[in-house]
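A.B. asks: Sequence first, then the predicted structure:
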Amino acid sequence: MPSPKPYPDELTLDEFDDMFYTGKAKARQFGLEKEASIEEVRQYAQKTGGQIYTQVDGDQDRMYSKGLRFVNRTGLYEVVKLDGYEVDNS
């Protein structure tokens with residue numbers, strides 16, 4: 001059995017969307033309808049075994065950064081679950 005791969009540290013919006021169009025990923029978004037509680041995001045990630053990503057303003061465009069970020073964030077978080085990947089929400 002192959003060892004789990006780490007989730008990417010950063011994903012462009014297109015790379016993020018591609019994971020879903022291919023059916024490889026499951027995710028839940030926080031912060032679109034109402035401001036997301038960091039604790040709510042953490043609890044959901046722990047319950048589902050998912051990786052937290054924070055949408056941030058990158059150098060060129062918006063992107064997703066692995067983990068909880070507090071600088072340049074847009075207020076959106078995603079908890080992503082991919083088979084064969086190792087979660088690091090530290």
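C.D. replies: It's in. Nothing here was measured: the structure is a model prediction, and the numbers come from that model. Numbers count the residues shown, from 1 in each chain.
A.B. asks: Helices along the chain, start to end?
C.D. replies: 13-21, 38-48 (DSSP state H).
A.B. asks: quick one: low-confidence parts of the chain?
C.D. replies: Low-confidence segments of the chain (pLDDT under 70): 1.
A.B. asks: Run the angle between the strand ranked longest in it and helix 38-48 for me.
C.D. replies: Criterion DSSP state E: the longest strand present in the chain is strand 73-82. Going by axes from the mean of the first three to the mean of the last three Cα atoms, to 10 degrees, strand 73-82 is angled at 10 degrees with respect to helix 38-48.
A.B. asks: Am I right that T54 is in contact with Y77?
C.D. replies: Yes - in this structure, T54 is within contact of Y77 by Cβ atoms under 8 Å, at 5.5 Å. Placement of C-beta: from N, CA and C, glycine included.
A.B. asks: intersection of neighbour lists for those two?
C.D. replies: Counting by Cβ atoms under 8 Å, 6 or more residues apart in numbering, the shared contacts of T54 and Y77 are L68.
A.B. asks: Please report how far R73 lies from K34.
C.D. replies: Here R73 is placed at a distance of 16 Å from K34 (Cβ to Cβ, to the nearest Å).
A.B. asks: Just the C-alphas of stretch 80-90, formatted as CSV.
C.D. replies: Extracted in CSV, the C-alpha atoms of stretch 80-90 (Å, rounded to 0.1, in the frame of the first residue of the first chain):
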residue,chain,number,x,y,z
VAL,A,80,-11.2,19.1,1.4
LYS,A,81,-11.1,15.3,1.5
LEU,A,82,-8.9,13.4,-1.0
ASP,A,83,-8.2,9.7,-0.8
GLY,A,84,-4.5,8.8,-0.5
TYR,A,85,-3.5,12.2,1.0
GLU,A,86,-2.2,13.0,4.5
VAL,A,87,-3.9,15.8,6.4
ASP,A,88,-1.8,18.4,8.2
ASN,A,89,-4.0,21.0,9.9
SER,A,90,-1.3,22.0,12.5
